[in-house]
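*Asks:* What follows is a predicted protein model with its sequence.
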Amino acid sequence: MRWVVGLDLRPHSHGAINFAQWLRAHDQQPAQLRIDGLHVVEARMFKLPGGKSRAEVVGEALRAARVAVAVRDASEAFSSVNVVESIPTVDGGVVDVLTNAAGLWITDGIILGRRGAGEHGGLIRLGKVARNLLRRLPAPTFIVPPDLELNHIGPGPIVCAVELDERGVAVARYGERLARRLGRSARLVHVIDSGDPIGLQYLPEGSWDDLHARQRDEAQSKIVEWRDQAGLTAYTLLAQGQTVPRLVSAARELDACMLLCGSRRLSTVERFWISSVGSSLAAAAHLPVGVIP
């Protein structure tokens, strides 16, 4: 199993480094685990007025990257900490470098810190690199709150948000495999959001509650059938409500260690009209969120 951790060197990376340290501590096969830290020096850093030479900038960046890992007491968790230059004629920036790094070997996950802390905060939650990386998804991509500490990661299962289709099967299989490596269980959570006709007085009293109950019963039988047909073994959980808030609350209720979901590969135009569950979860959740291509 191999992970690539994008090191920002600003406070954004603290949570990502802690998550990598947690993965190392809980992996059941540490001899077969590799975690590589990677900091990208953007090409514009070499063109600053009165700037240092290319070799000086890269050398100081490497020292800073190693210090960033060391101050989190995570040096032993990393197999390597390296610096790569982003050259405009070769690649388009940090996202291209991380994409290429993931493609050099089979990579089980890219780990990146987000901008906004916790579940609350400023207008910018993900940051440009995290947002663009989630659109490309060269490998399973984990977005981590910058203020995540080791004691914030719950003792509970890996929560897999699943649709009852092939994408959901891919998420569930990844989650079950990762759970085995980490000595955890996986929980398959399916959310049905039927809305709520607030203020529609013309509906018969109790009719909406009856509809919710029927939908819940039908979905419960469908999720079990879907799981068994796919050969999955994890327990299932059915939830009702708005998808993203309900998944976050389910993760809290289960004291989950992370949350996984799939990607619909929305185009730029589609994203204008349709919200991405993966990006919304990654921006809002209190724990690491992995988006599985």
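*Replies:* Sure, I can see it. Numbering: from 1, shown residues only.
*Asks:* Okay, Val169 and Ala234: tell me how far apart.
*Replies:* Distance, Val169 to Ala234, by C-beta to C-beta, to the nearest Å: 12 Å. (Glycine included, C-beta is placed from N, CA and C.)
*Asks:* try Arg136
*Replies:* From Arg136 over to Ala234 the distance is 28 Å, taken as C-beta to C-beta.
*Asks:* So the two - more neighbours on which side?
*Replies:* Residue environment comparison for Arg136 versus Ala234 gives the larger neighbour count to Ala234, 20 against 15, counting by other C-beta atoms under 10 Å.
*Asks:* Can you verify my assumption that that one contacts Leu178?
*Replies:* No: with contacts counted by C-beta atoms under 8 Å, Ala234 stays clear of Leu178, the gap being 11.3 Å.
*Asks:* what do these two both touch?
*Replies:* By C-beta atoms under 8 Å, 6 or more residues apart in numbering, Ala234 and Leu178 have these common neighbours: Ala186.
*Asks:* Just checking, which helix or strand of this protein averages the lowest pLDDT?
*Replies:* In the chain, no helix or strand scores lower on mean pLDDT, DSSP states H and E than helix 268-273, which sits at a mean of 45.
*Asks:* Export only the CA atoms of the helix or strand that it is followed by, formatted as PDB.
*Replies:* Using DSSP states H and E, the helix or strand that follows helix 268-273 towards the C-terminus is helix 277-284. What follows is helix 277-284 as a C-alpha-only set of coordinates in PDB (Å, rounded to 0.1, in the frame of the first residue of the first chain):
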ATOM      1  CA  VAL A 277     -21.200  15.200  -3.000                       C
ATOM      2  CA  GLY A 278     -17.500  14.400  -2.800                       C
ATOM      3  CA  SER A 279     -16.400  18.000  -2.900                       C
ATOM      4  CA  SER A 280     -19.100  19.100  -0.500                       C
ATOM      5  CA  LEU A 281     -18.200  16.300   2.000                       C
ATOM      6  CA  ALA A 282     -14.500  17.100   1.700                       C
ATOM      7  CA  ALA A 283     -15.200  20.800   2.400                       C
ATOM      8  CA  ALA A 284     -17.600  20.200   5.300                       C
END
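*Asks:* just checking, what packs against helix 277-284?
*Replies:* Of the remaining helices and strands, those touching helix 277-284 by 3 or more C-beta pairs under 8 Å, 6 or more residues apart in numbering; DSSP states H and E are helix 128-136, helix 243-253, strand 258-262, strand 289-292.
*Asks:* Just the CA trace of the last one, in CSV.
*Replies:* If I follow you right, that is strand 289-292. Once side chains and other backbone atoms are set aside, the C-alpha atoms of strand 289-292 remain, and they are given as CSV (Å, rounded to 0.1, in the frame of the first residue of the first chain):
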residue,chain,number,x,y,z
VAL,A,289,-12.8,12.3,3.5
GLY,A,290,-11.7,10.0,0.7
VAL,A,291,-13.2,10.4,-2.8
ILE,A,292,-12.8,7.2,-4.9
